[in-house]
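S.K.: build me a model:
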Amino acid sequence: MANRYTQLLSCWHKLEHFTPASVPKNEAKNLKADSLPWSPPQRAGQPNKRIVHLIYLGVFTLPWALGQLEKGKLGNNNWREAFTKLNEDIALAICDKLQGIQGFESLTAIQHEIMKLSGWSANPKVHLFYKTEEVFRKKKKNNEDDDDIKADLLNSFFIEDLEKIMQEHERTKKLPLPFETYIRANINEESTKLDLKEHTEILKEILRPSLYPDGRWPSEYKASLMQQFAVNHTCSKLMN
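M.R.: Numbering: from 1, shown residues only. Next up, the predicted model:
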(Lines give C-alpha, C1' and ligand atoms only; values in the text may rest on other atoms or scores of the structure.)
Protein backbone atom coordinates (compact mmCIF):
# COMPACT_ATOMS: atom_id res chain seq x y z
CA MET A 1 0.00 0.00 0.00
CA ALA A 2 2.86 2.39 0.82
CA ASN A 3 4.23 1.87 -2.68
CA ARG A 4 0.85 2.80 -4.13
CA TYR A 5 0.82 6.03 -2.13
CA THR A 6 4.36 6.79 -3.33
CA GLN A 7 3.23 6.37 -6.93
CA LEU A 8 0.25 8.67 -6.32
CA LEU A 9 2.58 11.24 -4.76
CA SER A 10 4.84 11.15 -7.83
CA CYS A 11 1.84 11.44 -10.16
CA TRP A 12 0.33 14.34 -8.20
CA HIS A 13 3.68 16.15 -8.14
CA LYS A 14 3.99 15.86 -11.93
CA LEU A 15 0.41 16.94 -12.58
CA GLU A 16 0.99 20.15 -10.62
CA HIS A 17 3.70 21.10 -13.14
CA PHE A 18 1.05 21.19 -15.87
CA THR A 19 -0.84 23.98 -14.08
CA PRO A 20 -0.90 27.05 -16.38
CA ALA A 21 0.61 30.15 -14.80
CA SER A 22 -1.65 33.17 -14.50
CA VAL A 23 -0.85 36.71 -13.45
CA PRO A 24 -3.03 38.49 -10.84
CA LYS A 25 -6.30 39.66 -12.33
CA ASN A 26 -7.05 43.42 -12.30
CA GLU A 27 -3.44 44.14 -11.22
CA ALA A 28 -1.07 43.02 -13.94
CA LYS A 29 -0.85 44.88 -17.24
CA ASN A 30 0.61 43.93 -20.59
CA LEU A 31 4.11 45.39 -21.04
CA LYS A 32 4.38 47.31 -24.31
CA ALA A 33 7.48 48.51 -26.11
CA ASP A 34 6.17 52.07 -26.56
CA SER A 35 4.96 52.64 -22.98
CA LEU A 36 7.37 51.32 -20.37
CA PRO A 37 6.05 52.26 -16.89
CA TRP A 38 9.50 53.21 -15.57
CA SER A 39 10.29 55.58 -18.41
CA PRO A 40 10.17 58.36 -17.41
CA PRO A 41 10.72 57.51 -13.69
CA GLN A 42 7.80 58.05 -11.31
CA ARG A 43 7.81 59.46 -7.78
CA ALA A 44 5.92 57.99 -4.85
CA GLY A 45 3.32 60.08 -3.08
CA GLN A 46 5.16 59.87 0.27
CA PRO A 47 8.87 60.21 1.12
CA ASN A 48 8.90 56.92 3.03
CA LYS A 49 7.70 55.03 -0.04
CA ARG A 50 9.02 54.27 -3.48
CA ILE A 51 7.62 53.05 -6.78
CA VAL A 52 8.34 49.43 -7.67
CA HIS A 53 7.63 47.80 -11.02
CA LEU A 54 7.29 44.02 -10.72
CA ILE A 55 7.95 42.22 -14.02
CA TYR A 56 6.52 38.73 -14.40
CA LEU A 57 9.61 37.16 -15.86
CA GLY A 58 10.85 33.69 -15.06
CA VAL A 59 10.50 29.94 -15.26
CA PHE A 60 7.00 28.54 -15.51
CA THR A 61 6.48 24.85 -14.90
CA LEU A 62 4.01 24.24 -17.76
CA PRO A 63 6.43 24.76 -20.71
CA TRP A 64 9.09 22.71 -18.93
CA ALA A 65 6.60 19.90 -18.17
CA LEU A 66 5.46 19.87 -21.81
CA GLY A 67 9.12 19.56 -22.78
CA GLN A 68 9.51 16.57 -20.46
CA LEU A 69 6.40 15.02 -22.00
CA GLU A 70 7.75 15.69 -25.48
CA LYS A 71 11.03 13.93 -24.62
CA GLY A 72 9.28 10.86 -23.23
CA LYS A 73 10.28 11.58 -19.62
CA LEU A 74 6.81 11.45 -18.09
CA GLY A 75 7.70 8.23 -16.27
CA ASN A 76 10.91 9.60 -14.76
CA ASN A 77 10.91 10.13 -11.00
CA ASN A 78 13.55 12.89 -10.91
CA TRP A 79 11.40 15.88 -11.85
CA ARG A 80 12.20 17.67 -8.60
CA GLU A 81 15.96 17.47 -9.20
CA ALA A 82 15.62 18.27 -12.91
CA PHE A 83 13.50 21.39 -12.38
CA THR A 84 15.81 22.61 -9.59
CA LYS A 85 18.79 22.24 -11.93
CA LEU A 86 16.91 24.13 -14.65
CA ASN A 87 16.39 27.06 -12.27
CA GLU A 88 20.09 27.04 -11.38
CA ASP A 89 21.11 26.93 -15.06
CA ILE A 90 18.77 29.81 -15.92
CA ALA A 91 20.07 31.89 -13.00
CA LEU A 92 23.63 31.47 -14.27
CA ALA A 93 22.60 32.28 -17.84
CA ILE A 94 20.65 35.49 -17.21
CA CYS A 95 21.93 36.90 -13.90
CA ASP A 96 24.35 39.36 -15.51
CA LYS A 97 21.75 40.37 -18.12
CA LEU A 98 19.37 41.62 -15.44
CA GLN A 99 21.75 44.30 -14.22
CA GLY A 100 20.93 47.93 -14.99
CA ILE A 101 17.85 49.54 -16.54
CA GLN A 102 15.95 47.15 -18.77
CA GLY A 103 14.09 47.85 -21.99
CA PHE A 104 11.34 45.94 -23.73
CA GLU A 105 13.71 44.26 -26.17
CA SER A 106 16.14 43.10 -23.48
CA LEU A 107 13.36 41.70 -21.27
CA THR A 108 11.76 39.90 -24.21
CA ALA A 109 15.14 38.41 -25.17
CA ILE A 110 15.67 37.18 -21.60
CA GLN A 111 12.23 35.55 -21.48
CA HIS A 112 12.85 33.90 -24.85
CA GLU A 113 16.14 32.52 -23.52
CA ILE A 114 14.35 31.15 -20.46
CA MET A 115 11.74 29.48 -22.68
CA LYS A 116 14.49 27.98 -24.83
CA LEU A 117 16.25 26.54 -21.80
CA SER A 118 12.96 25.03 -20.60
CA GLY A 119 13.30 22.49 -23.39
CA TRP A 120 9.90 22.74 -25.09
CA SER A 121 10.25 22.80 -28.87
CA ALA A 122 7.02 24.76 -29.52
CA ASN A 123 8.65 28.11 -28.64
CA PRO A 124 5.35 29.98 -28.10
CA LYS A 125 5.01 33.74 -28.40
CA VAL A 126 6.06 35.49 -25.23
CA HIS A 127 3.90 38.13 -23.51
CA LEU A 128 5.36 40.14 -20.66
CA PHE A 129 3.28 41.52 -17.81
CA TYR A 130 3.99 43.91 -14.97
CA LYS A 131 2.35 45.65 -12.06
CA THR A 132 3.29 48.90 -10.38
CA GLU A 133 3.11 49.39 -6.61
CA GLU A 134 4.02 51.93 -3.97
CA VAL A 135 5.92 50.13 -1.20
CA PHE A 136 7.32 51.30 2.11
CA ARG A 137 11.05 51.75 2.33
CA LYS A 138 12.74 49.53 4.89
CA LYS A 139 16.01 50.08 6.65
CA LYS A 140 18.69 48.03 4.97
CA LYS A 141 20.18 45.15 6.93
CA ASN A 142 23.46 43.85 5.56
CA ASN A 143 22.83 43.18 1.85
CA GLU A 144 19.06 42.90 2.10
CA ASP A 145 16.81 44.80 -0.26
CA ASP A 146 15.18 47.93 1.17
CA ASP A 147 11.75 47.25 -0.35
CA ASP A 148 8.81 45.47 1.19
CA ILE A 149 8.01 43.58 -2.02
CA LYS A 150 5.81 40.49 -2.16
CA ALA A 151 6.25 38.40 -5.28
CA ASP A 152 3.18 36.65 -6.63
CA LEU A 153 3.23 32.86 -6.85
CA LEU A 154 2.55 31.97 -10.49
CA ASN A 155 3.33 28.27 -10.47
CA SER A 156 1.38 25.65 -8.54
CA PHE A 157 0.85 26.38 -4.86
CA PHE A 158 1.38 22.72 -3.93
CA ILE A 159 4.66 21.79 -5.66
CA GLU A 160 7.02 22.79 -2.85
CA ASP A 161 4.94 21.05 -0.17
CA LEU A 162 4.76 17.88 -2.24
CA GLU A 163 8.54 18.02 -2.71
CA LYS A 164 9.02 18.30 1.05
CA ILE A 165 6.99 15.10 1.44
CA MET A 166 9.11 13.44 -1.26
CA GLN A 167 12.33 14.50 0.47
CA GLU A 168 11.04 13.20 3.81
CA HIS A 169 10.13 9.89 2.17
CA GLU A 170 13.61 9.60 0.67
CA ARG A 171 15.12 10.18 4.11
CA THR A 172 12.86 8.02 6.27
CA LYS A 173 11.19 5.68 3.73
CA LYS A 174 7.88 6.73 5.30
CA LEU A 175 5.07 9.02 4.21
CA PRO A 176 3.52 11.51 6.66
CA LEU A 177 0.29 10.27 8.22
CA PRO A 178 -1.71 13.41 7.17
CA PHE A 179 -0.72 12.79 3.54
CA GLU A 180 -1.75 9.13 3.70
CA THR A 181 -5.02 10.10 5.36
CA TYR A 182 -5.72 12.68 2.65
CA ILE A 183 -4.98 10.16 -0.10
CA ARG A 184 -7.16 7.48 1.50
CA ALA A 185 -10.06 9.92 1.63
CA ASN A 186 -9.67 10.86 -2.03
CA ILE A 187 -9.54 7.29 -3.30
CA ASN A 188 -12.55 6.34 -1.18
CA GLU A 189 -10.64 4.28 1.36
CA GLU A 190 -11.71 4.51 5.00
CA SER A 191 -13.60 7.76 4.49
CA THR A 192 -17.05 9.11 5.23
CA LYS A 193 -18.24 12.23 3.44
CA LEU A 194 -20.86 14.43 5.03
CA ASP A 195 -22.56 17.52 3.61
CA LEU A 196 -21.93 20.23 6.21
CA LYS A 197 -24.90 22.19 4.91
CA GLU A 198 -27.07 19.31 6.04
CA HIS A 199 -25.08 18.55 9.21
CA THR A 200 -24.54 21.97 10.74
CA GLU A 201 -24.09 20.39 14.16
CA ILE A 202 -20.62 19.27 13.01
CA LEU A 203 -19.71 22.86 12.17
CA LYS A 204 -20.93 24.06 15.55
CA GLU A 205 -18.99 21.36 17.35
CA ILE A 206 -15.66 21.97 15.58
CA LEU A 207 -15.97 25.77 15.81
CA ARG A 208 -16.36 25.77 19.60
CA PRO A 209 -14.01 28.41 21.14
CA SER A 210 -12.29 25.71 23.20
CA LEU A 211 -11.04 24.07 19.99
CA TYR A 212 -9.38 27.21 18.62
CA PRO A 213 -5.58 26.81 18.72
CA ASP A 214 -3.38 29.35 20.50
CA GLY A 215 -1.51 30.14 17.29
CA ARG A 216 -2.62 32.57 14.60
CA TRP A 217 -3.39 31.97 10.94
CA PRO A 218 -0.17 32.97 9.07
CA SER A 219 -1.66 35.83 7.09
CA GLU A 220 -2.60 39.46 7.44
CA TYR A 221 -6.20 38.34 6.89
CA LYS A 222 -8.45 36.35 9.19
CA ALA A 223 -9.26 32.75 8.37
CA SER A 224 -12.52 32.13 6.56
CA LEU A 225 -15.20 29.93 8.10
CA MET A 226 -14.06 26.74 6.40
CA GLN A 227 -10.37 27.56 6.88
CA GLN A 228 -10.97 27.89 10.60
CA PHE A 229 -12.99 24.68 10.54
CA ALA A 230 -10.05 22.87 8.90
CA VAL A 231 -7.55 24.33 11.41
CA ASN A 232 -9.68 23.41 14.42
CA HIS A 233 -10.43 19.93 13.12
CA THR A 234 -6.77 19.20 12.31
CA CYS A 235 -5.49 20.51 15.64
CA SER A 236 -8.09 18.54 17.59
CA LYS A 237 -7.11 15.36 15.71
CA LEU A 238 -3.42 15.95 16.41
CA MET A 239 -4.06 16.57 20.11
CA ASN A 240 -6.00 13.33 20.37
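
S.K.: so which residues of this protein form strands?
M.R.: 29-30, 49-56, 129-136 (DSSP state E).

S.K.: now those strands in CSV, with distance to residue 181, mean pLDDT and mean neighbour count?
M.R.: Using the backbone N, CA and C atoms, a C-beta is placed for each residue, glycine as well. Shown next, in CSV, are these (distance: least, CB to CB, whole Å; pLDDT from 0 to 100; neighbours: other CB atoms under 10 Å):
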stretch, distance to residue 181, mean pLDDT, mean neighbour count
strand 29-30, 43, 90, 12
strand 49-56, 36, 89, 17
strand 129-136, 39, 88, 16
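
S.K.: can you redo the ones you listed as TSV with distance to residue 155?
M.R.: Shown next, in TSV, are those (distance: least, CB to CB, whole Å):
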stretch	distance to residue 155
strand 29-30	20
strand 49-56	12
strand 129-136	15
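
S.K.: so for residue 236, which of these sits nearest?
M.R.: strand 129-136 (38.8 Å; CB to CB).

S.K.: am I right that residue 27 is in contact with residue 131?
M.R.: Yes - using CB atoms under 8 Å, residue 27 makes contact with residue 131 at a distance of 4.8 Å.

S.K.: show me the shaky parts of the chain.
M.R.: Applying pLDDT under 70 to the chain flags residues 1-2, 139-153, 188-191, 240.

S.K.: now residue 196: phi and psi?
M.R.: Phi and psi for residue 196, reported as degrees, to the nearest 10, are phi -70, psi -20.

S.K.: residue 171 versus the residue nearest to residue 50 when sequence neighbours are not counted, what's the distance?
M.R.: In space, and not counting its chain neighbours, residue 50 is closest to residue 44: 5.2 Å by CB to CB, 6 or more residues apart in numbering. With distances taken as CB to CB, to the nearest Å, residue 44 is found 47 Å from residue 171.

S.K.: neighbour-wise, which of those two wins?
M.R.: Ranked by neighbour count (other CB atoms under 10 Å), residue 44 and residue 171 place residue 44 first, with 15 against 8.

S.K.: so who does that one touch?
M.R.: Residues in contact with residue 44 (CB atoms under 8 Å, 6 or more residues apart in numbering) are 50, 51, 134.

S.K.: residues touching the second one, list them.
M.R.: Applying CB under 8 Å, 6+ apart, we find residue 51 in contact with 38, 41, 42, 43, 44, 132, 133, 134.

S.K.: for the spatially closest residue to residue 45 that is not a sequence neighbour, what are its contacts?
M.R.: Take residue 45 and drop its neighbours on the chain: the residue closest to it by CB to CB, 6+ apart is residue 134, 6.7 Å away. Neighbour list for residue 134: 44, 45, 46, 49, 50, 51, 52 [criterion: CB under 8 Å, 6+ apart].

S.K.: at 7 Å what do you get?
M.R.: Listed by CB atoms under 7 Å, 6 or more residues apart in numbering, the contact set of residue 134 reads 44, 45, 49, 51.
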